[in-house]
Structures are given as C-alpha cells and as structure tokens.
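Asks: Provided below are the primary sequence and the corresponding predicted coordinates.
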Amino acid sequence: MSKKIIKNGQLIDGNGGEPKQGQVVVTDGEKIFYVGAESGYAANGDEAVIDAQGGTIMPGLIDSHVHMMMEFSPIAKRLETPFSFMYYQAAKYLETTLKAGITSVRDALGTDLGVKKAVDEGLISGPRLQLSINALTITGGHGDGYTVSGNSIDLLPNDYPGMPNGRCDGVAEVRKKTREMLRAGAEVIKVHATGGVLSATDHPEFTQFSEEELRTIVEEGRFRKGVKVMAHAQGAEGIKNAVRAGIHSIEHGIFIDDEAIELMLENGTYLVPTLLAPVAVLETAEETGMPEASVQQSREVIEQHKESFAKAYKAGVKIAMGTDAGVMKHGTNLRELGLMAEGGMTPLETITASTKTAAECLGWEDQVGTLEEGKLADIIIAKGNPLDDIHSLSDNDSIQVVVKNGKIEKNTLA
C-alpha cells in the first residue's frame, strides 16, 4: 500500500491540545508514518494526497459502549425475524457506524467472535471491535428477558454457540459464567450491577450482585492478563459496589452521588455516560414499540442523568465517550458529543473523551486514539471546524473522510 499524505486542514491530534495549522499526517500501510509540520516531511511524489480542503483532521473516534447486533424494535417484529437475519443487519450497522467516523467500538453485549473475525479479515466493513460477548445478570435483573406474562423475550437471542446466556447467581455461578464469557472470546467483561431503564422487572436504582460477586468477576478477569470489567450501573449503591470491587468503568452512572465520585477518583474509574440513551428512548418510543414502563423510567431519570454527568465532570472523573447505540439507531453516535458539551465539557474536551480517553478506557492507547507516529492509521476529516459547533458532527455528511488501518473507507472530498 502506498503512502498517503493528508494535508490542508487544521489538525486535532487527540491529546487535548489546541488545533494546529500547517500540519500533515502521512500514513504508510496500516500505520502513521509522520505527523508534523508540512515543511518537515520530504515528499517523493509517489504519495497519494488527501486534501482536507480546510476541514479538521482528527483521530478516528471511539464509542466505548455500543450494541452492534441490534437496533431496538417492537416485540412482534423480533418474534417474526429469522435468527440469522440479525447478522446481515449487523453488517449494515457496522458500516454505518464506521462511515459516521467511529473507527473503534467496545461492544457491551450481543456481538460474538465471528462478527469480529469478519471485520478483522475484511469480509465486512466496520469499526475495530472489543467484545464483551454477553453481560452477566442476576435472575430477574436487568438483562433477564422474563416478563410479567411468565414468558422470556430477550432483546437479542442468546444461549447459542458462541453466545453464552448471562444469568448467574452466587459466587460460584458468577465465577463459572465469567469463565464462559472469556472462553467465548470476551476481551472485556460486562456485568449488570443495577437495574435499568429497559428492564421489565426491575428499576434503574435496584442493586444487582453483591460486592463479593463483583469482586469475583474482577478477579477472574485479572487472571486472564488483566481483562477489565465494565459495569452497567445506574443506582448509587450499585455504582459504589462496582467501584469498590475494582471494576474499570461505570456505564451510564445516572444516580452518581458524592461518595461514588470520591471512590471513582480514588480508584481511577472511568465513567461512560451514554447521555444519548434515555433521550433516544423518548424520541423513538412510538416508532420502536418501546414499552411504556421504559418510557416512563426514561422520563424519570433524564434530568438526574444530566446532573450526575455534570457533577462527575466538574469533579475530574475520567470520562470516555459512549452512546448505547443499538438502543437508538447506529450512526447517530456523535450526538453524544453535543450532549456532553451541554453538560459542561468544552467541544475540545468532548473530542478528547472520544479519542485519547476512550482509547485508554479500552486499553488500546498504544494503538489508537491520537495521531502519533507508529500508531494505527485511523483518521477522519470533518467539514469545517467542529469546535465552533460540536453539534455539527451529528450530521454524518460532516464526516467527509474516514481512514481505518490506512484504508480509505469513506471519501466525499474526492
């Protein structure tokens, strides 16, 4: 693969510094070869040139919380959809996400190892995937598809080859189920430490799993060369249990209190806020057949969610961008940056949360997240200057170029 020179745009390198002018990024194969002043690189004329046309050159963005195998749909539609159809839908979701400027994601349940292999080997187009396989949940908790009718209707099929069922209770079962997820290819362990907005039989503030059970999950991950644990945690007690147990990131964090924030600061715990999730539930409830209980719970928590995010941000908690895409349509991910800015972050901080900090949350900071020599060539070009209007990134047409692993995946400037 020939070298490429990306030039003629302001450069945001992902490290949190102000944009730079007169810079170029040179790629060689899958890696970044040079980043710096245009005058510092001696072109030989064989390079392909990508002209940013005054736009903004940035690292590929990272969504730390997605569900690539689903978009929420009415129960009747799920029941009439053949099992294998979800893989073909997922191929489209993955492509849409990549073209929105998201070059890496952490999948928070539902995607199996075969999908990752298909992306890695180029059979389908999509962002780089970090898998959790399926989430651990208690009987009757968030993620248990049991309904008051006595029937179980899960958001996604599970308990098929490569996708273990996540229900477990007690230390022994939790340990075994964690091992099953690792065996199936989990690169991060997902656990539901509280109830959730989409739960049929619990509430976001309900606490799930004891601290001992959570510590067991963390311990099992540590045995596998430091596999981290991410916790769906919305209620304050469940958040604190998770942080004390050594869990790496708190997902959602709707009812964070001051004690939880202090614990997160003390332990270096990440917050992945997914501010878009309850907003999207309310916006799409009628179209998607969202249960009325979920709509009501979203109404109840949405303002609290915003307040908790703002409080955690002001206190200095590490924040990595994540959306819960799949609850809403894939490709709408970058609306999250505007919501984070409304919560107090500067536009540049929202980009840093979506690049450097998100890469650190995934443990991939040596590969992606910033534009530096030797890292993977994941690069996007946004139209104009998103720091003037961070909401502009929510329009996928504003993402004009997407390069992943040195390969051009989208180019509307050509």
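Replies: Sure thing, it's come through.
Asks: all strands for the stretch 1-150 of the chain, in order.
Replies: For the stretch 1-150 of the chain, the strands defined by DSSP state E, counting those that start in this stretch occupy 4-7, 10-11, 23-28, 31-37, 48-51, 56-59, 61-66, 102-107, 128-131, 135-136.
Asks: do you know how far residue 56 is from residue 390?
Replies: 11 Å (Cβ to Cβ, to the nearest Å). Glycine gets a C-beta too; all of them are placed from N, C-alpha and C.
Asks: which stretch among the strands of the stretch 1-150 of the chain comes nearest residue 373?
Replies: Nearest of those to residue 373, taken as Cβ to Cβ: strand 31-37 at 5.6 Å.
Asks: got the contact list for the closest one?
Replies: For strand 31-37, the surrounding residues in contact (Cβ atoms under 8 Å, 6 or more residues apart in numbering) are 3, 11, 13, 22-27, 40-41, 371-377, 379, 406.
Asks: if we go to 7 Å?
Replies: Under the contact criterion Cβ atoms under 7 Å, 6 or more residues apart in numbering, strand 31-37 has outside partners 3, 13, 22-23, 25-27, 41, 371-377, 406.
Asks: now do stretch 63-73
Replies: Contacts for stretch 63-73 (Cβ under 7 Å, 6+ apart): 86, 90, 93-94, 102, 105-111, 115, 155-156, 251, 272, 274, 288-290, 320-327, 329-330, 333, 358, 361-362.
Asks: now swap in stretch 135-152 and tell me
Replies: Residues beyond stretch 135-152 that count as contacts (Cβ under 7 Å, 6+ apart) turn out to be 109, 153-154, 166-169, 174, 177-178, 190-192, 194-196, 199-202, 208-209, 217, 232.
Asks: Likewise for stretch 48-59?
Replies: So stretch 48-59 is contacted by 2, 4-12, 14, 25, 351, 355, 368-371, 378-386, 400-401, 413 (Cβ under 7 Å, 6+ apart).
Asks: do stretch 156-171 as well
Replies: Looking at what lies outside stretch 156-171 - Cβ under 7 Å, 6+ apart - the contacts are 69-70, 83, 110, 112-114, 133-139, 143-144, 174, 177, 180-181, 184, 212-213, 216.
Asks: hmm, back to that, list only buried entries from the contacts of strand 31-37.
Replies: Neighbour-count burial (16 or more other Cβ atoms under 10 Å) is assigned, among these, to 3, 13, 23, 25-27, 41, 371, 375-377, 406.
Asks: and these as JSON lines, adding distance to residue 257 and pLDDT?
Replies: JSON lines is the format used below for these (distance: Cβ to Cβ, whole Å; pLDDT from 0 to 100):
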{"residue": "3", "distance to residue 257": "52", "pLDDT": "95"}
{"residue": "13", "distance to residue 257": "36", "pLDDT": "98"}
{"residue": "23", "distance to residue 257": "43", "pLDDT": "97"}
{"residue": "25", "distance to residue 257": "43", "pLDDT": "98"}
{"residue": "26", "distance to residue 257": "48", "pLDDT": "98"}
{"residue": "27", "distance to residue 257": "46", "pLDDT": "98"}
{"residue": "41", "distance to residue 257": "51", "pLDDT": "95"}
{"residue": "371", "distance to residue 257": "38", "pLDDT": "98"}
{"residue": "375", "distance to residue 257": "38", "pLDDT": "98"}
{"residue": "376", "distance to residue 257": "39", "pLDDT": "98"}
{"residue": "377", "distance to residue 257": "42", "pLDDT": "98"}
{"residue": "406", "distance to residue 257": "45", "pLDDT": "97"}
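Asks: Just the closest of the residues you listed to residue 74, please.
Replies: Distances from residue 74 to these, taken by Cβ to Cβ, are shortest for residue 376, at 39.2 Å.
Asks: Let me see the contact set for that closest one.
Replies: 30-31, 367-368, 405.
Asks: ok, then the element right after the longest helix belonging to the chain?
Replies: Determined from DSSP state H, the single longest helix within the chain is helix 292-315. Later in the chain than helix 292-315, the nearest helix or strand by DSSP states H and E is strand 318-319.
Asks: Please give the centre-to-centre distance between that following strand and its chain.
Replies: 13 Å (Cα atoms, centre = their mean, to the nearest Å).
Asks: So which of the contacts of residue 376 wins on neighbours?
Replies: Neighbour counts for these (other Cβ atoms under 10 Å) peak at residue 368, which has 27 neighbours.
Asks: quick one, what contacts that one?
Replies: Counting by Cβ under 7 Å, 6+ apart, residue 368 touches 59-60, 62, 104, 359, 375-376, 378.
Asks: give me that answer again for 10 Å
Replies: Contacts were defined as Cβ atoms under 10 Å, 6 or more residues apart in numbering; by that measure residue 368 touches 14, 59-62, 103-104, 128, 355-356, 358-359, 362, 375-378, 404-405.
Asks: So for it, what's the pLDDT?
Replies: Looking at residue 368, its pLDDT is 98.
Asks: mind checking the SS state of residue 250?
Replies: Per DSSP: H, G, I helix; E, B strand; the rest coil, the local secondary structure of residue 250 is strand.
Asks: For it, list the residues it contacts.
Replies: Residue 250 neighbours (Cβ under 10 Å, 6+ apart): 193, 230-234, 238-240, 242-243, 256, 260, 263-264, 269-273, 312, 317.
Asks: Out of the buried ones among the contacts of strand 31-37, which is nearest to residue 299?
Replies: Nearest to residue 299 out of these is residue 13 (Cβ to Cβ; 40.2 Å).
Asks: gap between that closest one and residue 262?
Replies: Residue 13 is 32 Å from residue 262, by Cβ to Cβ.
Asks: What separation do you get for residue 39 and residue 365?
Replies: To residue 365, residue 39 is 29 Å away according to Cβ to Cβ.
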